[in-house]
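S.K.: Provided below for reference: sequence and predicted model.
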Amino acid sequence: MQFMETQEAEELPREELTLVYIAKKLKEALALEQLFEAHGIEYDVQPDTYRGGIIFVSERIGAFFYVHPEDVGKAHEVLSRNNLKPHRI
């Protein structure tokens, strides 16, 4: 799987960032990167595994998007306006 460049949120350790979205396809991840960049949202994106499927459940790889805690509201708003369901804990 080819992975995209990231705009890393370097100031904070990963445990202080908040997961806001899991892109299941590369095309979806690339589109979300453009949205976040257009709205000035700093993000970190990393490949990770998630469980998917209904009948045949399997482990898959997705692009996990993280933002600073203070940007969560703005990121959720951008996602919702673009018909994407934000990840909520």
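M.R.: Alright, I've got the coordinates.
S.K.: list the buried residues in the top helix by length along the chain.
M.R.: The longest helix of the chain (DSSP state H) is helix 26-38. Residues Ala29, Leu32, Glu33, Leu35, Phe36 are the ones in helix 26-38 that count as buried (16 or more other Cβ atoms under 10 Å). (Each C-beta comes from the backbone N, C-alpha and C, glycine too.)
S.K.: can you check stretch 69-82 too?
M.R.: Across stretch 69-82, burial judged by 16+ other Cβ under 10 Å covers Asp71, Val72, Lys74, Ala75, His76, Val78, Leu79.
S.K.: of these, which is the nearest to Arg60?
M.R.: Leu79 (20.1 Å; Cβ to Cβ).
S.K.: quick check: of the buried residues of helix 26-38, which lies closest to Arg51?
M.R.: After measuring the buried residues of helix 26-38 against Arg51 - Cβ to Cβ - the closest member comes out as Ala29, at 18.3 Å.
S.K.: roughly how far apart are the closest one and Gln46?
M.R.: Counting by Cβ to Cβ, to the nearest Å, the gap from Ala29 to Gln46 is 11 Å.
S.K.: need the residues touching each of those two.
M.R.: Ala63 (Cβ atoms under 8 Å, 6 or more residues apart in numbering).
S.K.: farthest pair in the buried residues of stretch 69-82?
M.R.: Asp71 and Leu79 (11.8 Å).
S.K.: what residue ranges in this protein score low on pLDDT?
M.R.: Residue ranges of the chain with pLDDT under 70: 1-15.
S.K.: could I get the full set of strands for it?
M.R.: With DSSP state E, the ranges of strands along the chain come out as 18-23, 43-52, 58-67.
S.K.: for the first one, give me every contacting residue.
M.R.: Put plainly, it is strand 18-23. By Cβ under 8 Å, 6+ apart, strand 18-23 touches 29, 32, 43, 48, 50, 62-69, 72, 75-76, 79, 84, 86-87, 89.
S.K.: what residue lies at the spatial centre of this protein?
M.R.: Phe65 (2.2 Å; Cα atoms, centre = their mean).
S.K.: nothing else from me, thank you.
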